[in-house]
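Asks: I would like the atomic coordinates for the input below:
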Amino acid sequence: QVQLVESGGGSVQAGGSLTLSCEASRITYSTNCMGWFRQAPGKEREGVALIDSGGRTTYADFVKGRFTISRDNAKNTMDLQMNDLKSKDTALYYCATGGKYGGNWFGVDWGQGTQVTVS
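Replies: So this is what the prediction gives:
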């Protein structure tokens, strides 16, 4: 199992920016693909962005052009740069190992989450 620790959440005004970071305890087969998921109050958890060890990225339509995912394989870290934040981006954001199969996003290992609040 991989331990994942997120940081960087907080409160920001609409139109602002935040960067989330995630550090993985070790590299395993599951960390080949990592990403960010989020869960807003009263809603199901949804996939936001994925990145594999080769740098290939996948984004949910609702963040394309606003969010950028990146990773540093040497440091076992992954970032999510979020720009032009909107109130509907308010959610608990989770770092995860996982991927997307067909139209379904899935997570294997999960962090504890970091809150992002946009007002």
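Asks: State the three-state secondary structure for Met34.
Replies: Here Met34 is strand, with the state taken from DSSP: H, G, I helix; E, B strand; the rest coil.
Asks: How many neighbouring residues does it have?
Replies: For Met34, the count of nearby residues is 28 (other C-beta atoms under 10 Å). Quick note: C-beta positions are derived from backbone N, CA and C, even for glycine.
Asks: Quick check: it vs Ser53, distance?
Replies: Taking C-beta to C-beta, to the nearest Å as the criterion, Met34 is separated from Ser53 by 9 Å.
Asks: do the same with Gly99
Replies: For Gly99, the distance to Ser53 equals 12 Å [C-beta to C-beta].
Asks: who has more neighbours, those two?
Replies: Neighbour comparison, Gly99 and Ser53: the larger count goes to Gly99, with 19 against 12 (by other C-beta under 10 Å).
Asks: that older thread, can you work out which residues contact both of Met34 and Ser53?
Replies: A shared contact of Met34 and Ser53, defined by C-beta atoms under 8 Å, 6 or more residues apart in numbering, is any residue touching both; here these are Arg71.
Asks: what sits in contact with each of Gly99 and Ser53?
Replies: Overlap of the contact sets of Gly99 and Ser53 (by C-beta under 8 Å, 6+ apart) consists of Cys33.
Asks: In contact with the nearest residue to Arg66 once chain neighbours are set aside, which residues?
Replies: By the measure of C-beta to C-beta, 6 or more residues apart in numbering, the closest residue to Arg66 outside its immediate chain neighbours is Asp84, 4.8 Å from it. Residues counted as contacts of Asp84 (C-beta under 8 Å, 6+ apart) are 15, 17, 66.
Asks: do Ile27 as well
Replies: Each residue near Ile27 by C-beta under 8 Å, 6+ apart is listed here: 73, 76.
Asks: do the same with Ile69
Replies: Per C-beta under 8 Å, 6+ apart, neighbours of Ile69: 35-36, 49-51, 57, 59, 78-81.
Asks: Same check on Gly47?
Replies: Listed by C-beta under 8 Å, 6+ apart, the contact partners of Gly47 are 35-37, 60, 100, 105.
Asks: Tell me the secondary structure at it.
Replies: Gly47 falls in the strand class when you classify it by three-state DSSP.
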